[in-house]
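Novice: Quick one, what's the 3D model for this:
(chains A, B and C)
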Amino acid sequence: MLIKSTLAALLAGAALAAPSFAQDWPKRQVTITAVTGPGGSPDTVGRLIASKLTERIGKPVVVENNTSGAGVTGTLAVSRSTPDGHNIVILTGGTPSQQLLRPDQPYDLRKDFATVTTLCAYPMVLAVAPNSSIKSLPDLIARAKAAPGKVTYTMNAVGSLHHLLGEWVGIEAGVEMTGVPYRGAPPAFMDVSSGRVDVMIDTGTFVLPQIEQKQLRGLAQSAPGAYALAPGIPAVAETLPNVTIMSWLGFAMAKNTPRPVVDRLNAEIRAILDMDDVKQKLAQMGNVPMPSTPEEMQARIEREMAQWKRVIDAKGIKAE
Amino acid sequence: MDLVANLALGASVALSGENLLYCLIGSLLGTLIGVLPGVGPVATIAMLLPITFTLQPTGALIMLAGIYYGAQYGGSTTAILVNLPGEASSIVTCLDGHAMARQGRAGPALAIAAIGSFFAGCVATLVVAVVSAPLVSLARAFGPAEYFALMTLGLVLTVVLARGSPLKAVAMILLGVLLSLVGTDIHTGAERLTFGVKWLAGGFDFVPLAMGVFGLSEIISNLEKGEGKPQEKLADKVHGLMPTFADLKDSAPAILRGTALGAVLGVLPGASSMIASFASYTLEKKIAKDPSRFGKGAIEGVAGPESANNAGAQTSFIPMLTLGIPSNSVMALMIGAMTIQGIVPGPMVMEKQPSLFWGVIVSMWVGNAMLVIINLPLIGIWVRLLDVPYRLLFPAILLLCSIGVYSLNNEPTQVLLTAAAGVLGYLFIKLGCEPAPLLLGFVLGDMMEENLRRAMQISRGDPLAILTSPICAVLLGASVLLIASMVLPSIARGREKLVEE
Amino acid sequence: MVRIRSPQDFAAGLFFLGVGAFALYGMADLRVGTALRMGPAYIPKLISWGLVLAGGAIAARALVIPGAGLERWAWKPLLLVCGGTAAFALMISQLGLFLASVALTLVVSFGTTGAKWRQVIPFSLVLAGAAAGLFGGLLGLPMRLWPW
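Specialist: Prediction:
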């Protein structure tokens, strides 16, 4: 793009004028791989961060979408790239459970990456059509108890966060519900809003704006307590105290990336996440900034794997 | 009247100097990327997204919308000139459009595509402005069972559309469906037919398959025919840049019917504007006095589907503008851009941001007008492209294809897959099998399976629930009738042939 | 002795039959399930059986109804066109767009008879330069242009 390159050149010029760190990163273009399609929240947040990062580090930062191999190809490519900090992959709150379901995937989430920082977090939300007869989460549980397996909820593929949350609620409440898989939130929304499926379980990024527009009614959200961006929607934990989960996005690079490079990028991201307009844009998407140290991100991944392992084992969930 | 006031408000927004400029940039850029095979609006809009963060939301949306429908225009150019469908809905345009180009009638084919698209765009924009609300309730009435029935009808239409043996067309559809099922099954997480190859876990993509099966095999076959003749050109001597009066007369009813089909089906998210384009083709072929002209350069076979496609492209904005639900990945990106601008997409946009809502709608009309103005003079240049000796033209086409496929994911395996699909396509030529049914089966196959299984889950395993919805009954009934209308005469013909033997 | 009256259709029938059988073999371990609770292999196996049947029918028909014969394959353009595309695929991510484009153009240009080095080399350089300018410069696609 002419416009884009002109703009990039201007911005790069501005960045060069600023004092630079005495380090040799970045040497060239930095690529951020999003393993979801354009328009998904990793993609959108990735592009937001990339545009700010370009201004700050004086080299172009581009987002590449690589959905091939259900996301494995792009993630694998970053894990095998030269560990010099020029290739970043966006991991999500759905990544840890994928590692559990697919132990044969060609990388190990815990061993093959240098985590950088988490970027932002958002709850999962349970919602129903505005005219649905289901009034609240306790009401939903009561109905599921009365008719085991008859209450349906929308989810992504088997083992997705949507699915695991649905099963987790089922385990804690002692009920059985049926997950109906969809490719993405929009078709799921259509079937919930017209009453064909009872409950929508999806990311706050998608569901909260729909609730605000009164196209859906929120039953509960999965944050540990009240969630500032979802006023009036009770936490799942108010009914089922164990069930809290915040999904997240985070940056990782190939393992053995030099620590100074990881720290530099971590510092840049922290600064970006602290900008008012970034905070505001994330809030528009129902996200809160969540910078972390590389160790905190690593610990989060291992903690979530342990947590999902309990759900997966209890329900016998597996990729056939 | 409200509508007039609203449209006036929209016009005042869309016709402001700044927004006209965004509209022009969008339409131009869209045409450019549409013409380049494989480079789609998704990649372009994704790259422009950070820039739109800094623009006025209305201007940003007008520009992105321009790229989207500009690309639809541009895509038909490549389909007609060099037989390369950049997306599913241009497959049908290839059939007769490219046949016309080879007869030296690329000019009329391109012109009728532009005129039909313009007319369809104008009508569909009006539809968006006036009857969005009732059409949205149609979209809501479509659940998994209804989508399954619609896609079944789509596949039946594909058989009708086939030129040669219906049996071979059925086999090609089945093969296409089978290819679409390769990869991870979302219902169980099982990897199907991947033979342990990891990058197949996400299944095959449409673009490499279409580029290989249509584009590469066509090039190989052309080289085969033209071997030893270095000055050979792709097309006969060009006669006439603009359609004749007879062409217009033949096309006008096709454009009208195509527009109607596209405007209605476009509202359904998913593969619907593509179903519209080949439903239109089948309709034209069915009611034509001489159906045998189709596939050999019938101008109605370009006019109808192109109008349907463009009408569908416009009305597919309805779910996005009224519900905040994207019909495809381009619109998902637009919604991302709106959200980040602080505009929550959905029913409240019309009330809270009337100038944005109506401005975008009027800009669609403006954009369509711009596209006709841009595209009609370009026809002269495109047609001259066919005057380039083929030995210089085809390496350029191949290069554009390869880069376009690579740009999808920056994944070299996709380009390798294109080469493999090229071999497959050449095999089909040698076996006398048409590739169009394969690709249509491929596009619809996995969606059909998912919707069928979803429908069974939602009805709690009651197959009758699928049949008893009135929409399903109508769609499946139409499929059965179409099959009967095709099978009965062909059985009779088969018998005759046997008797003659 | 059965006579094949339509060799082209007969070969097509065998091809579809073979693909269907191969797919069935590839899915041998997958669960089929029931119509009400379909497993991962339910629909694909159904489709594969459909392919086997359709292929069989096409081949059987070819024994009865006369039709086209088998054509020779033009191996040279096939290998060069697909080979050139494959060369592009293998070079693009390491060596960049420009060199990959040169390679593709050089290889495929020899798919025509009468191609001459002194015409083809400058042509491929021009084409590769234009491609680099268009995609790397004007459109700014995020791809490597040069080996360095």
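Novice: any idea how far the spatially most central residue of chain B lies from residue B:434?
Specialist: With distances taken as C-alpha atoms, centre = their mean, residue B:89 lies nearest the centre of chain B, 1.7 Å away. According to C-beta to C-beta, to the nearest Å, residue B:89 and residue B:434 sit 18 Å apart. (Each C-beta comes from the backbone N, C-alpha and C, glycine too.)
Novice: one step back: would you say the residue nearest to the centre of chain B is within a helix?
Specialist: Yes. Read with DSSP: H, G, I helix; E, B strand; the rest coil, residue B:89 is one of the residues of a helix.
Novice: count of residues packed around residue 136?
Specialist: All of this refers to chain A. 15 (other C-beta atoms under 10 Å in any protein chain shown).
Novice: sorry, should have said chain C
Specialist: Burial of residue C:136 is recorded as 20 neighbouring residues (other C-beta under 10 Å).
Novice: mind checking pLDDT for the closest residue to it other than its chain neighbours?
Specialist: Spatial nearest neighbour of residue C:136, excluding adjacent residues (C-beta to C-beta, 6 or more residues apart in numbering or on different chains): residue C:145 at 4.5 Å. pLDDT, residue C:145: 85.
Novice: now do residue B:409
Specialist: 77.
Novice: so who does the residue lying closest to it once chain neighbours are set aside touch?
Specialist: Excluding its sequence neighbours, the residue lying closest to residue B:409 (C-beta to C-beta, 6+ apart) is residue A:66, at 4.8 Å. Applying C-beta atoms under 8 Å, 6 or more residues apart in numbering or on different chains to residue A:66 gives the contacts A:33-35, A:73-74, A:77, B:409-411.
Novice: For residue A:66, give its distance to residue B:32.
Specialist: 24 Å.
Novice: Count the residues that sit near whatever residue of chain C ends up closest to chain A.
Specialist: Taking C-beta to the nearest C-beta as the measure, the point where chain C comes nearest chain A is residue C:142, at 4.0 Å. Using other C-beta under 10 Å, residue C:142 has 19 neighbouring residues.
Novice: Provide the secondary structure category for the spatially most distant residue from the centre of chain C.
Specialist: Centroid-distance maximum for chain C: residue C:36 at 36.7 Å, with C-alpha atoms, centre = their mean. Three-state call for residue C:36 (three-state DSSP): coil.
Novice: Measure how buried the closest residue to chain C within the stretch 1-150 of chain B is and give me the count.
Specialist: Going by C-beta to the nearest C-beta, chain C is nearest to residue B:47 of the stretch 1-150 of chain B, at 6.6 Å. Using other C-beta under 10 Å, residue B:47 has 19 other residues around it.
Novice: tell me which element it is part of?
Specialist: Following DSSP states H and E, one finds residue B:47 within helix B:41-52.
Novice: which helices and strands does that helix pack with?
Specialist: Applying 3 or more C-beta pairs under 8 Å, 6 or more residues apart in numbering or on different chains; DSSP states H and E, one finds that helix B:41-52 contacts helix A:2-17, helix A:41-57, strand A:61-65, helix B:17-35, helix B:57-82, helix B:329-340.
Novice: Output that helix as CSV, nothing but the C-alphas.
Specialist: The C-alpha trace of helix B:41-52 is given here as CSV (Å, rounded to 0.1, in the frame of the first residue of the first chain):
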residue,chain,number,x,y,z
PRO,B,41,-10.0,-8.4,-0.1
VAL,B,42,-9.4,-10.1,3.3
ALA,B,43,-5.6,-9.8,3.2
THR,B,44,-5.9,-6.2,1.9
ILE,B,45,-8.4,-5.0,4.5
ALA,B,46,-6.5,-6.8,7.2
MET,B,47,-3.4,-4.8,6.3
LEU,B,48,-5.3,-1.5,6.1
LEU,B,49,-7.0,-2.1,9.5
PRO,B,50,-4.4,-0.2,11.6
ILE,B,51,-4.7,2.8,9.3
THR,B,52,-8.5,2.8,9.8
